[in-house]
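Q: sequence first, then the predicted structure, then my questions.
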Amino acid sequence: MFLHPIEWPDDKKCAATITFDIDADSLIRDACRDDAELRLQPISMGRYGPTVAVPRILETYRRLDLTQTFFMPGWVMENYPDTVEAILKDGHEIGHHSWRHEDPMGHSDEQEAELFERALEVHVRMTGRKPRGYRAPVYSITPAMVDRLIEHEFLYDSSMMADDLPYRLKTTKGEILEMPPHWGTDDWPPFAHFAEINYLMQVRGPSAGIGPFFEEFDVMYEFGGFWMPVLHPFLTGRLARWHEMEKKLEGILAKGGVWFAPLEKIANHVQSNGGTLREEAIG
Ligand SMILES: [Zn+2]
């Protein structure tokens, strides 16, 4: 079923990584710059992520012995240092996710470069190293950003959707891996209800919202693919939804043959065993 299948280590059937984007209240701070501090409801909805959901998610990962990936805007890292510390203490990866979730379509590339560097400095200061992976806010990645990631020697981006499996992006500046997300394993469509950013979805119940992510998993497992939910603690970290996720995760772990790892580790494997990867030219 795949044009360019990838062999996973230790004869595992498929690779899997759960990515959480910890946007917290950066979304409302950026969407309503003039009066965000007055809007306590969306601020509180975002703050639920790092303060209530992330400790719950980390507890599950400790119990199930999973090491995974979180993407954080630099502004969120600075404002929630305990969250950064707790994630690093358990050995998880933190990827670059902009400064304060600004959509690059709303400003010049010069400004985008400045925001990117500002966030990069926070990563180095708080984690002790440059991140290896990047995900654009709302997947809004530009050709200039791909070149910027290549110049900064990032290993991978995770914002584009041109394949089911990891693939190679090439530009005139060089190349980088793409670890592709897609909307079928993203929790905004089933769960987001956010008037201030004009995203008012019909909210699904826990099993109706979570179930489709695992239908995607079943097919990736069958064909030896790559499963990567893109989740948000303030959405999927709510109690009933996370409880549903936990039950489903326990089920697929019991099947065996799934290589759960942080995205960086999967990208490293793909990079070193990637002779047959599909290539996509940008720009
Ligand atoms: Zn985000």
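A: Arrived safely, thanks for sending. Computed from a predicted structure; not experimentally measured.
Q: show me where the stretch 151-283 of the chain has helices.
A: For the stretch 151-283 of the chain, the helices defined by DSSP state H, counting those that start in this stretch cover 188-191, 206-223, 233-236, 239-255, 263-272.
Q: now do the third one: everything it contacts.
A: Taking CB atoms under 8 Å, 6 or more residues apart in numbering as the criterion, the residues outside helix 233-236 that touch it are 20, 22-24, 45-50, 53-54, 57, 187-188, 191-192, 210, 241-242, 245. C-beta here means a position set from N, CA and C on the backbone, and glycine is covered the same way.
Q: the ion contacts on this protein?
A: Proximity of the chain to the ion, by CB under 5 Å from the ion, involves residues Asp21, Asp23.
Q: try 8 Å this time
A: Proximity of the chain to the ion (CB under 8 Å from the ion) is limited to residues 21, 23, 26-27, 71, 73, 97-98, 101, 135, 137-138, 232.
Q: buried residues in stretch 56-69?
A: Neighbour counts over stretch 56-69 (16 or more other CB atoms under 10 Å) mark Arg56, Ile57, Leu58, Thr60, Tyr61, Leu66, Gln68, Thr69 as buried.
Q: circling back: could you export the helices of the stretch 151-283 of the chain as a markdown table, including mean neighbour count and mean pLDDT?
A: Formatted as a markdown table, the helices of the stretch 151-283 of the chain follow (neighbours: other CB atoms under 10 Å; pLDDT from 0 to 100):
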| stretch | mean neighbour count | mean pLDDT |
| --- | --- | --- |
| helix 188-191 | 18 | 96 |
| helix 206-223 | 16 | 98 |
| helix 233-236 | 27 | 98 |
| helix 239-255 | 15 | 98 |
| helix 263-272 | 19 | 96 |
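Q: looking at those, which is nearest to Glu93?
A: helix 263-272 (5.0 Å; CB to CB).
Q: and that closest one, how far out from the chain middle?
A: 15 Å (CA atoms, centre = their mean, to the nearest Å).
Q: show me what the worst-scoring helix or strand of the chain on mean pLDDT pairs with in its sheet, parallel or antiparallel.
A: Least confident helix or strand of the chain, by mean pLDDT, DSSP states H and E, is strand 199-200 with a mean of 86. Strand 199-200 has the following strand partners under DSSP bridges: strand 193-194 (antiparallel).
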